[in-house]
Every structure is written in C-alpha cells, then in structure tokens.
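In: make a model of this:
(chains A and B)
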Number of protein chains: 2
Amino acid sequence: MIDYQAPLRDMQFILDELAGLGQITDLPRCEDASPDLVAAVLEEASKFASGVLAPINRQGDLQGCRLEGEQVITPDGWQEAYDQFREAGWIGLSLPQEFGGQGLPKLVSTPVWEMWFSTNMAFAMLPQLNVGQTEALMIAANDEQKSTWLHKVVSGEWAATMNLTEPQAGSDLGATRMRAEPTEDGSYRLFGQKIYISYGEHELTSNIVHLVLARLPNAPEGVKGLSLLIVPKFLLDDDGQPAEKNDIRCISIEHKMGIHGSPTCTLSYGDKEGASGYLVGEPHQGLKTMFIMMNDARFNVGVQGVAMGERAYQAALDYAQQRIQGRNIVNGASNQPIISHPDVKRMLVSMRARLMAMRGLLYTAASWFDIANHHADTQVADKHSRYVDLLMPVAKGWCTEVGNDICDEAIQVFGGMGFVEETGVAQLFRDARIMTIYEGTTGIQANDLLGRKILRENGTTLRELLFDIRTTGKALEQVDELRDLATDLDELTTQLHITTDWVLEQDQARIADLYGGATPLLHLMGTVCGGWQLTRMALAAHAKQNAAGEDPDYLAGLISLARFYMATFAPQAYAHARAVRYGGQVLTNFPESAL
Amino acid sequence: MIDYQAPLRDMQFILDELAGLGQITDLPRCEDASPDLVAAVLEEASKFASGVLAPINRQGDLQGCRLEGEQVITPDGWQEAYDQFREAGWIGLSLPQEFGGQGLPKLVSTPVWEMWFSTNMAFAMLPQLNVGQTEALMIAANDEQKSTWLHKVVSGEWAATMNLTEPQAGSDLGATRMRAEPTEDGSYRLFGQKIYISYGEHELTSNIVHLVLARLPNAPEGVKGLSLLIVPKFLLDDDGQPAEKNDIRCISIEHKMGIHGSPTCTLSYGDKEGASGYLVGEPHQGLKTMFIMMNDARFNVGVQGVAMGERAYQAALDYAQQRIQGRNIVNGASNQPIISHPDVKRMLVSMRARLMAMRGLLYTAASWFDIANHHADTQVADKHSRYVDLLMPVAKGWCTEVGNDICDEAIQVFGGMGFVEETGVAQLFRDARIMTIYEGTTGIQANDLLGRKILRENGTTLRELLFDIRTTGKALEQVDELRDLATDLDELTTQLHITTDWVLEQDQARIADLYGGATPLLHLMGTVCGGWQLTRMALAAHAKQNAAGEDPDYLAGLISLARFYMATFAPQAYAHARAVRYGGQVLTNFPESAL
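Out: Here you go, the predicted structure:
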C-alpha cells in the first residue's frame, strides 16, 4: 500500500474555518495552542505516523498476537514503536500538565489521533486507553490515587485498560458479576472474569493499570450497584515501583477478523487469593466514571471512522490514478487510468465528500468539548456540554458506519486486487469492522440518542442545533453562488425537523415503534450534520476564494464536495425519515414467529 | 455456527406463486419437473448441503489452499465432498440429457445452487464452472468437441475453468495478450499468463478443461480479436483418456480475504513448447461465447447474494433468540433474548425482507430463462430473453450488494461475537465480499445496465417491465387489505419511471453524467424490482390466506415483509433517483485535482 500522507491541508482548513481554532486558543488553559505550535504538532505527528506506525501495520496483521502460557506476545516492532511513541510524549498531548501532559485542547489532539488510527489502528488502541483512563481518574480518583498512578499513565510508562464486559454482561453492564470484597487495609479483593479486554495483557510496559467494574458486597442490583476499582497487574512496593504480581491471569485471546495486532484478552481475577484493587470514588458510583472513560473512547472510535476511511481513500485514489484499464466512455480513448471512468470517480468523490463531512463534524465536536470544559461563561460551557452529549452517539455511530462504507468502497475501487490481502485495503476493511461494535454498537448509540439525548430532555438541545443549522442556511442564501446549497440544506434539515416533531409528539404507547426507528434516526442525524458541515465548508471556501495566497482549485473542490453530497447523500435523509415514522410501527406489529 | 436449514417453505412458495413452476413444467423439454420431483430434489439437496457441504466450510476457511511445487492442495474434506457431489449427479442437474445431465429447468436448479452456495461458497464455485462451461460449449463447440469433452464435464469426472483475466486485462478484456499459434494438425499452441483463475489447478479430478481467451495471429485489436480455446490440463490419448501433461503451470495462488477453500491461481501457459489447445467456434468470436459462460456465472453470483445472506440471517436469528442481554424497552423486563429489542428485531426483519425480495427476483428471472429457452411461441421466448438480459446486471449487481449488506448486518446482530472468527459469521462476511467484484464489478454491471440494456434499445424492455409492475399495482388496488401497498408500489415505481424518462431524454453531450449515475440507477432498479416481488408475494399470500391447509401466520408474515420493505427500503428509491439525475452532473464538473 502507498505511504500515508496526513491530509494536513484538509485538517488545517477544518481546524481554522469550521472548528474555530482561533477561539479555542482564547479559552482559559488553552493559550498554549498557538497557530504555529499547532501546525508544528500536526507536522511532527504526521511524520511519526508515516514513519513509525504505518510501516508496522501490515506485519501486525500478519503476525497478530499470541498467548504463550500467561504471556501475550505482541507483533514485531510493537515494542520499539511504543517506546518511541512514549518517549516523544504523544500520550500526554491533551492530558493535564500537572501530571506531565502537555494540556493541549482536544481540538488539537483530535487530528493527531486521526493520524495514529489511520496508520495503525491496532497499535493506537493501546495509548488511547491511557488518555481515557486519565480523564476518568482526574474526575473520580482521590489525590493520593492520582499522584500514585497518573504520572505513569500520562507518560505511558504504564499501560491502561478498561474492564467492563463479562460473558453475560455486554451491552447490559447491569449484569456484571465481578466481586470486590473489602479487606482490613481498605483495599479490595476481586474475583471474576472479564472478556474483550483490549491490551488486557502484554509486556510492552512495566505495569498495566486495569480500571475494573465490580460489585461490592450488598451492592444494589443492576447498573446502580457497580463500583470502579484500580487493579494493577503488579502491586506497587513502598517506592511506588511495580513489584509483586497481582492475582490476574490472561487465560485466552480472541481470534478476530481484524486488528490482529491488538490483543483482546479474557482476564481471570482472583483464581488464588483474590486480585488486590483500590476503590475509585464512591461505592456503587462506578458506572458514572466509567462512562467518562467510555465517552472519550466513543468519540475516539468516531475518529477511527474518518481515520480508516482516509487511509482507504488514499489507497484507492492512488490505485485509481495508476491502474490503466478500459476505455473512456466519452471519447473512446483507450489505456486510461480507471479514475477517468465516471463510476470510479463517483466512488472517490463520494469517499472524500463523506470524509470531509465526518472530519468537520468530529473536529467541531472536539471544539465543543474544549468550550464545555474551559469557557468562563458557564452558560456557554453548559450549552456546549449539551451539544457534545447530543452529538456523541452520532459521532460514534454515524462516523463508524460511514467509515466502514468507505473502506468497503475502497475495495470496490481496487476490484479483484481489493480482495487480495497484499494490497492492504482488505486489512483496512477487516480492521474497521469492529468500529460499529465496540464501545457500544450502532444500535446502542441509536438508543442513547433517542432515549437519553432527545426524549429525556424533550428535544431541547436538538432544537437548538436545528436552529444553528438553519442559521447556516440563511448565510448561504446571502451568497449568490451558493444559493442552490441553501435550498438543498433547507430540504435536508426539514427532514430532521419534521421527524423531530413527530418523535416528540408520540406518546408512551408508541415507545416500541420509536425504538424500532432509532437507528434510521441516527443515520438521519448524521446525514444532516454531515451536510451541514459541508455547507459550512463551502461558505468558508467561498469567502476565501479571492484571498491572496489561497489555492482556488482546492477551495472550488470543497464547494463541489458539498454539491455532490447534496445530490447523492442528502436525499437519503428522506428515506431515513420515512423509516423512522413508518418502519418502527410495522416492526412492532411484525409477528416474531414469521422470522 | 448453527446447522443450515434450507428455507424450503420460502423456496417452494416462490417457485409456485411467483416464478410459476406450474407453467414452466408445461414447457417443451421441461415436463420432467413435476411438483413431486421438484420437492424431492429440493429435499435431497437440502440434506446434502447440510450434511456434506456445511460441515467442511469452516475448515476450508481455516486451512485454505496451498501450493507445493506446482501442486495445489485443497482443504481436508474437499475430495470426499466432491466425489459424493459428483456421484450423486448434482452437477448435471440442469444440463443436457444427451450428455448425461438431468435436463431440469433452471428454475429448479436455482434453489439447489442457492443451497450449495449457502453452505459452502468456496466449494460450490468448482462444480458451478462445469455448468457454465457446458452451456458455452453447447452453443459454440462442434459435435466432435462436444462428444470429446462434454460427457466428462457434465458428469464432473473432469473439472472446468474459465480463463479470462490477465494482469493488464481485467474489466477490459480487449487488452488480452495470450497468444494462440496454429500448428499443422489444426490445434494451437498457447503462450501467456492468466490470473485470478478459480480452481485453475487442483487434484480433485483426473483432468481440468480450461476454456481460454486468446489471440490468434493477426487478430484484430480489442475485444473483436479474441478467440476461445479448449486447453486441457492433460492431453487426451487415443482412447480419450488424460495422458500427457500439457504445458500449463500454476505459478502462484492468491492470499485472499475470503473463500480460502477456492484456489485462485495464476496459470502460466507455454513456458516450454506451448500449451496445446483447440479452437472453439469461429476465430475472433470468442468473447460472445465467453459471455454465455459469464452470463451464467453472473446469474449464479447473484444467487450467491441471497445464499450468503440466508446463511448469515439464519445464524443471526438463532443468536438473537438465544443470547440473553438487556431489558425490554417497553415493559422493563430483564434477561430478555436480544430479539426482543426493537433494533435487533429491525435488523432481522430487514434481512428477511430483502432475502425474500432477492429470492423472488432471482427465481422469477430463472423462470424467464426457461421460457426464453423453451417456449414454443418465439415472440414470448424473445420477450423473456430480453427480460433476462435487462435483469441480469440487476440480479448480479443488486443481489450481491444486498447480500453483502445482510452479512454485515448479521455481524452487527452478533455484536462482539461477530468480530470473533469462531462464530462463523465473520467468514460469511469475508467470503461474501468477493461477490460484488468477480464476474464484473457492480460498476461494470451498472454500465452494462445503462448502456447495453437501456440506452441501446431506447428503453423498450424497461418500459415493458414498468408496465408489468404497474399491472401488479392494479391488482393490489383490487384488494382492500393491500391498498396501502398499491400506493407504496406506485410511489416506488414512479421513481424509476421518471428516472427512465429522464435518462432517455439526455443527449450524447450528457453521456458522462449518465454514466456517473449508473450505479445509483442499478440500485434504483434493484430497489423497485425487489419491492415489486414482495408485493407480488403479498398478493399471493393474501389469496391463500383462507385456503385449507395453509399457515395463516406464515402468510401474514409475508405481507408484513412487504410493508416493512415499503416503509424502509422503498424510500431509498427517491435518493437513488436524485443521485442519477443530479449526482452525475456534479461529478462531471468535479475537478479531478480536488481529489
């Protein structure tokens, strides 16, 4: 596969014009993110991604991980890459300075993580866990715990995991059985089994800090009885150094369709005397904290959607430019690169249009994170916090579905070569397939969107968002050359508008119908938000078209992407809206015996 | 994975009610296909598929094929299964009686092939080549060639291949370079390389009959200079028995994402003195004959679409009924099988609706094949021949795309378990991914549909088909309980109607725009044809609902499937139609430099 080239121009355009990097830099504790620094960070990250992570991606797939005794062996090159990654300080990029991080805004770290995922998703899952765990511990851990664990997790000297799933407790964490029994010294002993633990065991670091959901004695049933505990692979000695091995064993690793370089472990806790752990936060409040870590993970998986799509797109574009085959349908010329065939061009434009739509949405959401976390005006912060909450299932659910589609389309551009493993696009397709599953399937995201994010607050935030989208429409109307996009955006937004009204009008008796339409609703939201971002991009591109030093072709291309999206993807909103309003009802009435 | 159960009731319903098995049996040379015989054939095939082919499918994936020297080793169990398959006479099911086949209509063999593909696609690709080659040789070979080769190919004593692709000649066969030089005895010597040859080499049979596209000396450039030759792996002695090894070598096999049990070979012809071959039909007329073989193959790949989808659906349904997880959204009950969650039920219903739509379309097309081949009235035969031609790219293109989607959705139902190879759905997803590529990608099918099947005849056959669909709509209007479906079908068909009108109105200057919308047009055609079949099914089900001995729940379920399709899939026709009319134009104007 061709070398990865980070799409720095696209990234920078979206950072500046859509996500408002300039305003983010003005926020308290975000001042370090000067334009020069951000450009330098992206440039360095791009070199690291292309130079260190990309070259070992395929061997990670071919070799995979293996379990020898209780030892997990990661692929060749993993150790060296991890050491370089850690030493370069990439793990702490957006983490708190007080624990050794660089404290840069999430808006800056988001394109950087996109690069890691583009070049080696299986590898990048490892340091991503450090970020999520740090964010969870920052909120829930006490000062002693922070000082014991966080420096090492932020630096990457120790690795991190999140331990949620058990065989009977997947989407439904309320069914968790892992027991944590108190001891006299205030610590706990854990007993039970966790499955699907990414990087649950390996020897890349001198310790692994597991964050584990478990039940204390007499805990309430269900999700309200879950507590969170730190359970290290090695217990620390008095100097805070890893010493005695804790009572945790990796008893198997999964044979997966993709991300072979990332060991997916079954961990057995407490086969002997019990695994020692330390309660984080209040008893029975663990899920709330785990959701912080999971929310971060969900956003990152959304970023994987655009990242995997970008890598697949670059490969497909290169192949389409190189591969000579067939005759031009217009002028009959032979020996044409296949990009000259309208259907191949269609696939490439459709890939790029959706990549830019997703990137616009994800980076904008990242800026909302920063505003929510740092804005001095609590009303502004609160509004953006609600926006983030509303958009999170869309960022995760829609971007991963679209990311899969793009990887699929890349294979189609490659034709027969796409099915052959040597080209690397098959690996992208296989690796990417986990994205719509882990950290909550698309169906789980859709239920979250409908139930917790729309119905629970009676659509308040969604209506604010719709107002913002309409504002973009008004701006488009003011520009003669973009008035067609104003009409398109209006039609598109109207589908979400009438669907929102309809959803909020239904009474409790229709609740099953509504949930039967949850996934189409998520797709509708994604389709509208993606179209919104592309029209915002078109507006920004148009405004810059006559500015000195700008590339008019590039800017015209961005406007064309919006037009293509409006002609091909936006009309799907109509179908999604119909599926919400009519599909759910048919489904409720559908006799299960007829399946 | 659970055992495969052939969907005999669904198959029989479609055979009888949609594809008109009764009328096919009345055709000349189809009389043997009595209802009892057909039911017995399906029953036997179902036992063979479940008992012999399904059990070796996973080991075929795990072991794959390997090349040792020039020898290709197929997976364990392949030889035994092939011998049983051959001895049971399955290969000749629909092949001419004069060469040892059973001469049953294509309508009868189609559900049988569906079963082979459902249970072991990688295996079934082997005997499928015998069928295609027989059909090609029946038309193009001379009597001596037929009597030399066909008995053994129909019985399966010898295997068959089709050799089209070369490194520089994939979708564009005009770039073929394989040379065939005449010798004094009237045979030819072949020199060149062929790639992507399914079952190009193996030791499952005592000979392999390659059908090879090549150029004779002084052949015209492009596709008009291709000739077809029989090139056996072993030359025959005077008794017609395989003797001397021909000058053909397997020099590599591909490492593919799926169908590991099917060796995909690179064959080198004529490394020494040239591979001996025998011209089939006239010089330079090879492509026409190869298209007969390829058309058959395309139809069969369409059948793979429903077959792989069916297997994935059965696995997902079983898992959804067994897997306990989560709370019922309506009544809050815990420990529910996941099928009780609306989103999971949605996926299963959407899988089944599309399976029945595809099956309706494919079996109906199979009946058209039979009418085209056997009807005494040449006008009727001709009309159905044109219908087959029009629908072939849809049967191949749309059914494979939908089949992939269904395999994808099955993984989603399995959640994390779907990404783990042990469950078998990951294999289905990987195996199925080739379907939209081989025998002409979806883009190639779309170009064929637009150019050769619609524009070339100015939409004549398509308009006849639209008239037939409208006739179904009129029938629906006559039934009070189905009047909503009449409205839905009318809206759906209108999208194809206005798009057809629009396409035919465009002049030559818009040709690139049109081809930029070819794939959405194919999806539009598929969506409409699928909806048409489901409403035909609803009509038939309604008519039988009060008949004695019928299962009213089953019939009500079929009607509900049509309603679900109309509420969720049919509205996508609107989006496809918009993409045809507006997307192509944006695409033509899109600057390639902005990719």
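In: the lengthiest strand in chain A near chain B at all?
Out: Determined from DSSP state E, the single longest strand within chain A is strand A:188-198. Yes: shown here: strand A:188-198 in contact with chain B (CB under 8 Å from any CB of the partner chain) through residue A:196. The way it works is simple: take the backbone N, C-alpha and C, and place the C-beta from them, glycine included.
In: the helix or strand just after that strand vs chain B: in contact?
Out: Downstream of strand A:188-198, the next assigned helix or strand under DSSP states H and E is strand A:208-214. No: against chain B, strand A:208-214 shows no contacts by CB under 8 Å from any CB, the least distance being 15.9 Å.
In: what does stretch A:344-363 give?
Out: Yes: using CB under 8 Å from any CB, stretch A:344-363 reaches chain B at A:344, A:345, A:346, A:347, A:348, A:349, A:352.
In: could you pull up the mean pLDDT of that stretch?
Out: For stretch A:344-363, mean pLDDT is 98.
In: centre of the chain versus that stretch, how much separation?
Out: Computed by CA atoms, centre = their mean, to the nearest Å, the chain-centroid distance of stretch A:344-363 equals 16 Å.
In: buried residues in that stretch?
Out: Neighbour-count burial for stretch A:344-363 flags A:344-363 (criterion: 16 or more other CB atoms under 10 Å in any protein chain shown).
In: would you mind writing the CA trace of it as CSV?
Out: Taking Å, rounded to 0.1, in the frame of the first residue of the first chain, the C-alpha atoms of stretch A:344-363 are listed here in CSV:
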residue,chain,number,x,y,z
VAL,A,344,-14.7,5.1,-10.3
LYS,A,345,-14.6,8.9,-10.0
ARG,A,346,-18.0,8.7,-8.3
MET,A,347,-16.7,6.4,-5.7
LEU,A,348,-13.7,8.6,-5.0
VAL,A,349,-15.7,11.8,-4.7
SER,A,350,-18.3,10.1,-2.5
MET,A,351,-15.5,8.9,-0.2
ARG,A,352,-13.9,12.3,0.0
ALA,A,353,-17.2,14.1,0.5
ARG,A,354,-18.1,11.9,3.5
LEU,A,355,-14.6,12.1,4.9
MET,A,356,-14.8,15.9,4.9
ALA,A,357,-18.3,15.8,6.4
MET,A,358,-17.1,13.5,9.2
ARG,A,359,-14.0,15.4,9.8
GLY,A,360,-16.0,18.6,10.0
LEU,A,361,-18.4,17.1,12.5
LEU,A,362,-15.7,15.5,14.7
TYR,A,363,-13.4,18.4,14.9
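In: can you list the strands that the longest strand of chain A pairs with?
Out: Strand pairing for strand A:188-198, using DSSP bridges, gives strand A:179-182 (antiparallel), strand A:264-269 (antiparallel), strand A:275-280 (antiparallel).
In: let me know the angle separating it from strand A:208-214.
Out: 110 degrees (axes from the mean of the first three to the mean of the last three CA atoms, to 10 degrees).
In: just the ones of the buried residues of stretch A:344-363 in helices?
Out: A:344-363 (DSSP state H).
In: domains in chain A, by residue range?
Out: A:159-286, A:442-594 (automatic domain parsing).
In: okay if I get those as JSON lines plus mean neighbour count and mean pLDDT?
Out: Formatted as JSON lines, the domains of chain A follow (neighbours: other CB atoms under 10 Å in any protein chain shown; pLDDT from 0 to 100):
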{"stretch": "domain A:159-286", "mean neighbour count": "20", "mean pLDDT": "97"}
{"stretch": "domain A:442-594", "mean neighbour count": "20", "mean pLDDT": "97"}
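In: which SS state does the one residue in the stretch 351-500 of chain A that gets nearest to chain B fall under?
Out: Residue of the stretch 351-500 of chain A nearest chain B, by CB to the nearest CB: residue A:443 (3.8 Å). Secondary structure state of residue A:443, per DSSP: H, G, I helix; E, B strand; the rest coil, is helix.
In: where do the helices sit along the stretch 301-450 of chain A?
Out: A:342-374, A:378-414, A:416-419, A:425-432, A:442-447 (DSSP state H, counting those that start in this stretch).
In: what's downstream of the last one, the next helix or strand?
Out: What that stands for is helix A:442-447. Taking DSSP H and E, what comes next after helix A:442-447 is helix A:460-477.
In: packing partners of that following helix?
Out: helix A:378-414, helix A:483-505, helix A:518-544 (3 or more CB pairs under 8 Å, 6 or more residues apart in numbering or on different chains; DSSP states H and E).
In: for chain B, see how far away residue A:61 is.
Out: 11 Å (CB to the nearest CB, to the nearest Å).
In: dump the residue contacts of that residue.
Out: A:122, A:258, A:260, A:261, A:427, A:430, A:431 (CB atoms under 8 Å, 6 or more residues apart in numbering or on different chains).
In: can you pull the residues of the stretch 201-350 of chain A lying near chain B?
Out: Residues of the stretch 201-350 of chain A lying near chain B (CB under 8 Å from any CB): A:222, A:254-258, A:317, A:324-327, A:329-330, A:334, A:339, A:341-349.
In: the closest residue to residue A:559 other than its chain neighbours and chain B, how far apart?
Out: Closest residue in space to residue A:559, ignoring its immediate chain neighbours: residue A:538 at 4.5 Å, by CB to CB, 6 or more residues apart in numbering or on different chains. Distance, residue A:538 to chain B, using CB to the nearest CB: 13 Å.
In: next one: residue A:138
Out: 28 Å.
In: which parts of the stretch 101-250 of chain A are helices?
Out: A:106-140, A:143-145, A:151-155.
In: distance from the shortest one to the middle of the chain?
Out: When you say that, I think you mean helix A:143-145. Per CA atoms, centre = their mean, the centroid offset for helix A:143-145 relative to its chain is 29 Å.
In: pLDDT on that helix, on average?
Out: On average, helix A:143-145 scores 98.
In: ok, and for it, which residues are buried?
Out: Neighbour count says helix A:143-145 has residue A:145 buried, by 16+ other CB under 10 Å.
In: and the contacts of that helix?
Out: A:137, A:230, A:278, A:280.
In: tell me the contacts of the closest residue to the last one other than its chain neighbours?
Out: Nearest residue to residue A:280 in three dimensions, chain neighbours excluded: residue A:228, at 4.6 Å (CB to CB, 6+ apart). Contacts of residue A:228 were listed using CB under 8 Å, 6+ apart, and they are A:136, A:140, A:211-214, A:279-281, A:285-287, A:289-290.
In: and these, which is closest to chain B?
Out: Looking across the contacts of residue A:228 and measuring by CB to the nearest CB, the closest to chain B is residue A:287, at 14.9 Å.
In: can you pull the contacts of the residue nearest to residue A:226 when sequence neighbours are not counted?
Out: Using CB to CB, 6+ apart and skipping the chain neighbours, the partner closest in space to residue A:226 is residue A:286 (4.4 Å). Applying CB under 8 Å, 6+ apart, we find residue A:286 in contact with A:213, A:214, A:226, A:227, A:228, A:229, A:280.
In: equivalent analysis for residue A:300, please.
Out: A:113, A:117, A:128, A:131, A:132.
In: 6 Å instead?
Out: Residue A:300 makes contacts with residue A:128, as judged by CB atoms under 6 Å, 6 or more residues apart in numbering or on different chains.
In: now do the buried residues in the helix or strand that contains it.
Out: Here residue A:300 sits within helix A:286-322, counting by DSSP H and E. Buried positions in helix A:286-322, judged by neighbour count with 16+ other CB under 10 Å: A:286-290, A:292-320.
In: and the angle from that helix to helix A:106-140?
Out: 160 degrees.
In: and helix A:286-322 with helix A:378-414, angle?
Out: Using the same axes, to 10 degrees: helix A:286-322 against helix A:378-414 is 40 degrees.
In: run the angle between helix A:286-322 and helix A:425-432 for me.
Out: 170 degrees.
In: distance between helix A:286-322 and the chain's centre?
Out: Here helix A:286-322 is found 5 Å from its chain centre; the criterion is CA atoms, centre = their mean.
In: what do you get for stretch A:14-27?
Out: Using CA atoms, centre = their mean, the offset of stretch A:14-27 from its chain centre is 20 Å.
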